[in-house]
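Asks: Have a look; sequence and predicted model below, questions after that.
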Amino acid sequence: MIRPYLAVVIDSFRSAFASRVLWVALIAIYIFLFAIAPIGYREVFTTTFRWPDFANGTRMKAMLARGIAELDNQTDATSDAGKTSTAKETPPGRIARSLPAELQGNLRKVAEGQEVRIRLDVFADGLNQLYENDDWYDAEVWKSTPRLRELREIESLDQSELSEDMRKRRDRLRIEAALPGVFENRGSRSIALTYAGLSFPAVLQIEKPQFQMLLNQIVLRIIIEWVLGFAMIFLGILVTAAIIPDMLQPGSLHLLLSKPVSRGLLFLAKFIGGCAFVFVCVTQLIIGLWLIAGLRLDVWNARLLLCIPVCVFLFAVFYSVSAVAGLKWRSPILAIGLANVFGAACLVIGMAGGLSDGFVVERDRISGFTVSDDTIITATRGGHLRRFDPVQSTWVNLFPDDNGSSDRIIPPVTLSGSSVATARVRGGRMNVFGSGATPLLLVDPKPGTIPEPSIELPAGTLSLHAMPDGAILAHNSGELMIARATDLRPLNEPENPEDSQSDGDASSGEKASDAKANAGSGFGMWLPKLMKMMGGPSDGFYSVLPEGITLTSPSSVAVSQDGNSLMVLSGGRVIRLDRPAASPTGGSDQARWTRSAQAEVTVPGRTAWLRYIGDSVVVLLQPKNPPLFFTDSLQPIEVDAGVVAKISDLSVLAAVSCHSANALVIQATNGQASVIRVDDRQTFQVARLGRTSNVETLWWDNEKRKLWVAQNIDQIAVWNFGDLKAGDLPNRPEREIRPSISGWRMVERYVVTPLRTITPQTGELGDTIASIVSGEDALQLPFASAGEPAIIERYNVWRPVLTCGGFIAFMLLIGCVYFSRTDF
Amino acid sequence: MIASDDVISIDRLTKTYRSGLIGGRSIAALRQVSLQARRGEIFGLLGPNGAGKTTLIKILLGVIRSSGGSARVLGHPAGSIAARKRVGYLPESLRIDRHHTARSALRFYGGMSGLSRDVIATRSDELLRLVGLEGRDRESVKRFSKGMYQRLGLAQALLHEPDLLILDEPTDGLDPVGRSEVRRLLLELRSLGKTIFLNSHILQEVELVCDRVAVMAAGQVRGIGTIDELTERLGDRQVKWDLAGVDDQQALGRLLSEAAELPVRDGEAFVRSAATGGDKIGGRQVLLDRMPSGVVRATVPWVNQTVIDRTIDQLRASGTSIVSLTTPRRSLEDVFLSLVGSTEAEVDSDIAASAGWKPGDDIQSVIESTVVGTRDDENAVNGVAR
């Protein structure tokens, strides 16, 4: 039964194998594999500074400028007094003093208030020169700096035991300790690529797991997409295009048709023969890549082998066009030409779809939102701030000059008193600090109002948190700062005289203490500016972190339900901060909060989320690591392994605490939402929330116990959690808001999307490949300095498979019908 | 009526090729063709190019579908998989992919016929020896001559031991020795009970091996039967007299006509000058031709021996000297030409009419345009158009 068709498949395969183009392709494959086979790597200590290592260059500039200015002032003062002293020396000052003279000069200018732009690579070069000697280091001065365990371990070793690399590593850690909040979180080890045993000059400052992730998510994807998805398929079409026209030669075809075979199956067998040939070529290349990745780079990723059928599938899309063209016109040249024209058409439609995504859909995609007095205020990825108009059922832009830009809108939060706070960071999509000062914007939810500027936000603010008392907490790369409710008013409103009195009475806090410490100094007038540059509190904000604590990446913060505690994740520590008790003098409302508990955690990767769940806290880790549960006093909690496994399987994109429901809702990268609940006996449960999909972001209404879910770009669904303890999760939302869409969105929905659905989206198969290779359903792009990722590229895994599969089936059906019904 | 031992039974088979966007132009390639090939015989199919032979074979093999009538092969509908399982076919211009050797080609075609590898290997050895390709079976077919291709084609046609062999020009490209071997092979296969349906242009070959023959022209069967039946029935046998001492040719003509009891009209001329090469001059059934030597050649239709005897007596009585008397039997070629030649003009007019020719049009240009515009019908009409 199957033997005749098997014979045809094998013969088609042999026919293709007889092609000279094939042998050229095979030689090219093996040259490529032999060329990349000598690539290897070795792990080295992370020592050399490079410009991407700086998370907050402005802060570094300010700290070093302040340090050098303080040293200068001290030296001036002591020389005037005729004696020397180092009592006031600070680590940043000692580092600044050891930097190249030109850089020192620029830092002094900064300290004097001049606008001096210093490139980050100049800083990197300057810091790298510190490795030449240890004169800048003084153990006494460094005593107060937060030193990582790694530094303590290296310093405990005997000096003679230290290799050159370890000595440099120790120096780097000392520099990082001296400048907290400045550097990106880097691993202790970096990857040095080698070729045939020779090291490349540049070092990849990523650790081995990140290196492997980079290989899986980016490098292998690119190789497979370009080498297999492009070159190999083109060559495959060249080689196999003649299979069908050759079959149709009269002396050949009539003999084939005289055999006891079905014509349709004969055509399919020929088609499969061509695909089988490509399968063999692709298999050689992918197995070669897999072996090289495993043997040379320790990346034994068996999922890579799954790319073989995907690549053959991609080839089959183009070959189906070539086969039907060859059947109709009996010309290999025409078949090749039509397959290429088809490929170009797919590319054009794919590009149109990409442009539509980028310029139409992404602009409207909700990145954060809040609800105040039943009015929804959203921030979009396109830099828009919008209010929902329920009458017109449409989104209304709140910025008069809103035409989409590179601005970043900080997700809005609802303050007590129903006003909404947000901010528009100019140029913030490219640079977390943006350009220029960023005022806090207060939005009245009433229709017809526009955002009113208020006090200036601390530089580099990533997120805002509403406090129950009406205050607002700003979180940036190095600090947590609070502005009191009384300070949150539009600039054009008169200041409350009582509040002014209160400010004047401030007896603690960095602003006050620094002002006192520097009173009378020559550069004191520039200190507030330097502090702002460092990401410190701006006017109206005060720091809540205890002295000596600076946030390090990855960082995350959670506010307790009563607002009297903060849980802070900073690097490898979880810290509980408590609001200081009110003093009888009434001056404690700007005091730093006190550390009441601390726990050490290991944070793999660059992102992590710290959230309350009931009275407990959980640290959600990436990528797919087990979560860590703690009590509110930061005692570890043993949680059922099944629950831990379920949460580990969620690829977290965001999480929101539902205090009043004793729950936590996790938004996964696949667009689904899952709910973790905890009962009074500290028993946790995990369940998916209904049939949620394409979730954009979440917001929890603590008072009404409702979860608001932004989904499908700009739609909203409201889930009433009621009393979760009393029953199961709701199956469906109680309310859905589907706003009317703009003209371009109509074009996108009714023209571009159907076009993309009926044409095979071969370009999107790259997403399928990436998903297979990485095992992830989305690519997370960590935002600079942010602990939590803000940008995600969700892979379209199934759409290209469906469109391409449907297309192949359609073309083969046409081919079979035509071949069966035509007289030859 | 279809007999039970008919391997091929064709009954009023029709095939019309249509072309143009809505099939507006049509060409009748087969018209009401009926024939039977019996088990164990070699059946020859003759006809000029465009007669419809290839179309008929394609229908038998299921390569194309008929427009009307019916055809059965080995008791199954022509073209069905059951029929094709028991048919071996050698196409006219066999093309075997260049990546094959003789052995790999047999493996491929054997596989397509559903044979196992073991059976293919065993049969390949036998057949390669039989067709004279032993020792060259590992050689790429790229180096094969036309004759070697034909031998390989024959081998593949025989590989699955079919009951019916359909051979389209099996000796095309073979040298005389090769042709002789193929003929011997065909006779051997017939002795084994195989039925062979042979399409050939080589009349001598057909005459030598075929038990029965059908002559086709213009999509119709013009004659069918054994060679003897065709030459007897269709032969128009004649008697040729070479006579000397003839003074009055008109009188001789009347004598021969009357002796053969043929009607003679007044004023009928019986003389043709061979020397001048002028127009044929003769009565309706008696032709006289004076040779340069003075001998008169008279051609008279054959009636029977009694008429010949009587004519001899009367000639001798008239003083005419009989130099020679021959009664030649007509060859298959004569029969073929007489059947086909008379239809050429008919074929042209048929094609022209089917192509939309109207009185006043240039008929040849219509035919040529039809040929150029109808790719699928090329085989059917291009011979006629030339």
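Replies: In hand now; what should we look at? Bear in mind that the values here come from a model prediction, so they are computed numbers and not experimental data.
Asks: Nearest residue to the middle of chain B?
Replies: Closest residue to the average C-alpha location of chain B: B:Leu46 at 1.5 Å, with C-alpha atoms, centre = their mean.
Asks: hey, what's that one bridged with?
Replies: With DSSP bridges as the criterion, B:Leu46 is bridged to B:Val215.
Asks: Distance check, it against B:Leu187.
Replies: From B:Leu46 across to B:Leu187, the span is 19 Å (C-beta to C-beta, to the nearest Å). Quick note: C-beta positions are derived from backbone N, CA and C, even for glycine.
Asks: Ok, B:Asp125 next?
Replies: 23 Å.
Asks: Also A:Asn73?
Replies: 123 Å.
Asks: Counting neighbours, go ahead and name the busier of the two.
Replies: A:Asn73 (19 against 14; other C-beta atoms under 10 Å in any protein chain shown).
Asks: The more buried one looks like it's in a strand, true?
Replies: No: secondary structure of A:Asn73 (DSSP: H, G, I helix; E, B strand; the rest coil): helix, not part of a strand.
Asks: What residues does the residue in the stretch 201-350 of chain B positioned nearest to chain A make contact with?
Replies: Going by C-beta to the nearest C-beta, chain A is nearest to B:Gly219 of the stretch 201-350 of chain B, at 15.6 Å. Contacts here follow C-beta atoms under 8 Å, 6 or more residues apart in numbering or on different chains; on that basis B:Gly219 touches B:Lys15, B:Ala28, B:Ala29, B:Leu30, B:Arg31, B:Val33, B:Ala51, B:Gly52, B:Thr55, B:Asp350, B:Ala380.
Asks: let's see 6 Å
Replies: Going by C-beta atoms under 6 Å, 6 or more residues apart in numbering or on different chains, B:Gly219 touches B:Ala28, B:Ala29, B:Leu30, B:Arg31, B:Gly52.
Asks: what's near enough to touch the closest residue to A:Ser416 other than its chain neighbours?
Replies: Spatial nearest neighbour of A:Ser416, chain neighbours left out: A:Gly470 (3.9 Å); criterion: C-beta to C-beta, 6 or more residues apart in numbering or on different chains. By C-beta under 6 Å, 6+ apart, A:Gly470 lies in contact with A:Leu415, A:Ser416, A:Ala485.
Asks: min pLDDT across the residues you listed, which one?
Replies: Lowest-confidence member of those: A:Ser416, scoring 78 (pLDDT).
Asks: you'd agree that one is in a helix?
Replies: No: read with three-state DSSP, A:Ser416 is coil and lies in no helix.
Asks: Could you look up the SS state of A:Pro733?
Replies: coil.
Asks: Also A:Ile224?
Replies: A:Ile224 is classified as helix under three-state DSSP.
Asks: again with the one 3 residues further on
Replies: The assignment at A:Val227 comes out as helix when based on three-state DSSP.
Asks: roughly how far apart are it and chain B?
Replies: 27 Å (C-beta to the nearest C-beta, to the nearest Å).
Asks: okay, B:Gly178: pLDDT?
Replies: Value listed for B:Gly178 in the pLDDT field: 82.
Asks: Can you pull out the low-pLDDT segments for chain B?
Replies: B:1-4, B:20-24, B:232-236, B:265-284, B:329, B:341-386 (pLDDT under 70).
Asks: which residues of it fall in helices?
Replies: For chain B, the helices defined by DSSP state H cover B:53-61, B:81-85, B:102-112, B:117-130, B:146-158, B:176-191, B:203-209, B:227-234, B:249-259, B:305-317, B:332-341, B:344-354, B:363-373, B:378-385.
Asks: number of nearby residues for the residue in the stretch 101-250 of chain A positioned nearest to chain B?
Replies: Nearest residue of the stretch 101-250 of chain A to chain B: A:Gln249, at 5.1 Å (C-beta to the nearest C-beta). Residues lying near A:Gln249 (other C-beta under 10 Å) number 15.
Asks: Right, I'll leave it there.
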